[in-house]
Structure formats: C-alpha cells, structure tokens
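Engineer: Here is a sequence with its predicted model. Questions after.
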Amino acid sequence: MVGGKEESWKRVEKVLTSIAAKYDGVQCVDWLGENGAGHFVKTIHNGIEYADMQMIAEIYGILRDGLKMSATEIGDVFGTWNKGRLNSYLIEISEIVLKAADPITGKPIVDLILDKAGQKGTGKWSVIEAQNMGVPATGIEAAVAARSISSMKDERVAAEKVLGLPPVGEFKVADREAFLKDLESALLASKIGAYAQGFAVLSAASKEFGWNLPMPTIAKIWRAGCIIRSQFLDEITTAFTKDPHVANLIVTPAFATMVKDSDGALRRVVSAAVLGGLPVPALASALGYFDSYRRGRGTANVIQAQRDFFGAHGFDRIDGADLASRPLGQRSQRLIWFPVDQTGNHIPSIENLVFRPEIFDGSCFRFAKRSAGNCMKWR
C-alpha cells in the first residue's frame, strides 16, 4: 500500500514487487496515490481488521458461553467454516489458536490468556477519520469500544460482583446444527458490513483529499500478505471493477444478494445473544447498519425538529413547500416553536405544544407573547 509521488514509486517498484506477497501470480503491492494515500489505506485496512476480529470473538463467545463448547470444539467449527464462504486468514488462525495446548498445563492456551485486548491506535484513527468525513463505520467503532472495555478488567470483575450476569436463564437452541449454520451466515453478513464501511471511508477520503483511490486495486492487493485477506476479496474486486464509483458495496448485485440471504440468520443470532445476555456489539452494529441504510424513511425528522426548536438549525420539508419563500442563501426553513394557549399567552408546561411561524431576523428569537419582546441573541 504505497503512497507518495508516482515517480518515487517508479524508482522502487521493481524492488517492492519482487518481494511482495503474490496471489495467483499477481503481486499484492501497488501505488495508490499522492501524499498519505498509502498510509490511509493501510489504516482503514487495520480498522476493518479490528471489526473482523471482534466479530469472530463474539461468535466464539456464543459458542463458548451459549452452547458450552470447548475451545477445541470451537476450533473444529472454525476449521469447517474456513473451507467454505468464510475462508480467510483470520478464520484459519482462529482454528489454530483455539486448538493450541499450553505446554505447561496441557489445557487449551486460549483458556489461560487474560481477556484484555491491546491496541496500537489504527482502529481508533479509522474511527476518527470516518467521523470527520461523516461516514458511518459502526463495526469498527464497536470493535474499538469493545477493546477499551476489555482493558477495564478490574472494573468488569467488580461490576459482576455488584450487578451479576444477566438473569436470563439457560441459553436454549432448538436445533443446534441449524444454529451453527446461522452463526456462519451471521458472521459472513457482519464481515460484509465491515468491509463495506471500510471501503466507504476510503471512497470519502479519496474525494476529500483528491487521491482518486483505485478501489479494485486495493481489493486485489489485500488478497495476500494482509491480515484481512479473505475469499470474498475476489468478489469485492469484481464489484468495484464493474462499478468503481458505487455508493456502497452492499448495493452491488453480488453483495446485495449475500446480505439478503444472510439477513434472517444475523437477526436470529443477534436476538439469541441478546436474550441470552451475551454481548455482541459488533454483530448488532452490522444489523443496525443494514437496517438503517436500507430504510428510505428514517426517524431523523424528529431530531431535526428538536434541533430547530432549541437551536434554530433549520430543516428541509419533504413536500418542498418552503422552497419558494426562502430568503436568498437560506439553506432550510426555520420556525419559532411556541407553547401557547388559545389567546397567545406563554404556557410554562410543554403540554399541548403547537408551533407558529415567526419572523427570524438572524439575531433574535422571540419567546412567549409578542408584546413581551423577550429576546435571545443568536450567537
């Protein structure tokens, strides 16, 4: 993932391509753009890695604490999944670490490792950049937060003594084999969400910094030599080759089909985990992301009404009725919201709230009845 001046890349291209990992004979290295383009792509790669690892850990938690499976049994499950749609480096090594024995006690080594995950900052930086550009990266956010909570080991132990674990009873699954298939599909769906969010951040950064990032190339060079290398990077490459400027990976034909096919499994897994008192913040964030992104009419209208009430931030109407009457340069309509009685007097209570259009001169809000002349200066 090389950035900087293209002429500098040309000077070292032969050296880097000769030592780079290869996928089907193709070198997994390329020049991605000017300045910090390469570093940025690597940072988002690591952000996706955070999400991927957290989602795997949550599935492991369901298998361990829900289905009461041993580390070795869980390793067998991951081994089976690695032969199918979830084939990837992280699934592969999950099987290995789960089956590894402690040389001192002979017990599974994973059962003896303290549950505190470290982090060096690239996940956090990915979240910060996503937020700065207004791109939702909820899977990465959930993963970073989960690592932070994991580091609070003493607080968590103390909290369990005070609060106890959720009083939800035994984790029950009617059909164990069917549930294992649901877990596989749910993990696939969640991983797709994480990759889609990561590429959406890259797309926004490409526009923000004028990098013209080559999305198909990025997917290609991630296919080998990278922590997040996985089978469906080929499909991501194909999707971006067909439409390099697609708004979101999940609306491309191939991935839209995968999301639809795994939707039910993700819902069942998240529901079972929540009802069973098992934390699945990253898996749940994927479901919330899909549900929010696919809904044409959301609930932000009430948020915008609240913002206009307390801060005169304005709003756009769905019928466009205010367009002709807007002052020149005014982005959206503003209202002064009044709790009033039938005579126009101010009502202290919020009950029976109605609103009335009022003149807003850019410097003063008028509250209560007009004759009172009360003003709050706009700052």
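Structural biologist: Received it, and whenever you're ready, just let me know what you need.
Engineer: quick one: residue 16 from residue 298, how far?
Structural biologist: 45 Å (Cβ to Cβ, to the nearest Å). The C-beta positions use only the backbone N, C-alpha and C, and glycine is treated the same way.
Engineer: What is the burial count for residue 46?
Structural biologist: 21 (other Cβ atoms under 10 Å).
Engineer: Same question for the one 10 residues further on.
Structural biologist: Here the number of neighbours of residue 56 (other Cβ under 10 Å) works out to 22.
Engineer: Name the nearest residue to it, ignoring sequence neighbours.
Structural biologist: Distances taken as Cβ to Cβ, 6 or more residues apart in numbering put residue 94 closest to residue 56, at 5.7 Å, once the chain neighbours are dropped.
Engineer: which SS class is the one you found?
Structural biologist: helix (DSSP: H, G, I helix; E, B strand; the rest coil).
Engineer: Same check on residue 158?
Structural biologist: Residue 158 - assigned by three-state DSSP - is helix.
Engineer: How many residues are close by residue 97?
Structural biologist: 14.
Engineer: dump the residue contacts of it.
Structural biologist: Residue 97 makes contacts with 75, 109-110, as judged by Cβ atoms under 8 Å, 6 or more residues apart in numbering.
Engineer: Just send these back as a markdown table, with secondary structure too.
Structural biologist: Shown next, in a markdown table, are those (three-state DSSP):
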| residue | secondary structure |
| --- | --- |
| 75 | helix |
| 109 | helix |
| 110 | helix |
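Engineer: Quick one: neighbours of residue 71, just the number.
Structural biologist: Neighbours of residue 71 under the rule other Cβ under 10 Å: 20.
Engineer: In terms of secondary structure, what does the helix or strand hosting residue 262 contact?
Structural biologist: When elements are assigned from DSSP states H and E, residue 262 belongs to helix 253-275. Where contact means 3 or more Cβ pairs under 8 Å, 6 or more residues apart in numbering; DSSP states H and E, helix 253-275 is packed against helix 176-209, helix 233-242, helix 281-293.
Engineer: How far away from the center of its chain is the longest one?
Structural biologist: To tie it back to what came earlier, the one meant is helix 176-209. 8 Å (Cα atoms, centre = their mean, to the nearest Å).
Engineer: quick one: buried residues of it?
Structural biologist: By 16 or more other Cβ atoms under 10 Å, the buried positions in helix 176-209 come out as 179-180, 182-206, 209.
Engineer: next one: stretch 127-141
Structural biologist: Buried-residue list, stretch 127-141, by 16+ other Cβ under 10 Å: 127, 129-130, 133, 135-141.
Engineer: Quick one: end-to-end distance for it.
Structural biologist: Using Cα to Cα, to the nearest Å, the end-to-end distance of stretch 127-141 comes to 6 Å.
Engineer: got a list of what residue 193 touches?
Structural biologist: By Cβ under 8 Å, 6+ apart, residue 193 lies in contact with 139, 250, 285-286, 289-290.
Engineer: Please repeat the previous calculation with a cut-off of 7 Å.
Structural biologist: Applying Cβ atoms under 7 Å, 6 or more residues apart in numbering to residue 193 gives the contacts 139, 286, 289-290.
Engineer: In which helix or strand does residue 313 reside?
Structural biologist: Using DSSP H and E, residue 313 falls outside every helix and strand.
Engineer: still on that earlier bit, how far away is the residue nearest to residue 56 from residue 167?
Structural biologist: For residue 94, the distance to residue 167 equals 31 Å [Cβ to Cβ].
Engineer: So which of residue 16 and residue 298 has more stuff around it?
Structural biologist: residue 16 (14 against 11).
Engineer: Quick check: phi and psi on the closest residue to that one other than its chain neighbours?
Structural biologist: The shortest distance from residue 16 to any non-neighbouring residue, by Cβ to Cβ, 6+ apart, is to residue 29 (5.1 Å). Residue 29 has phi and psi values of phi -160, psi 140 when expressed as degrees, to the nearest 10.
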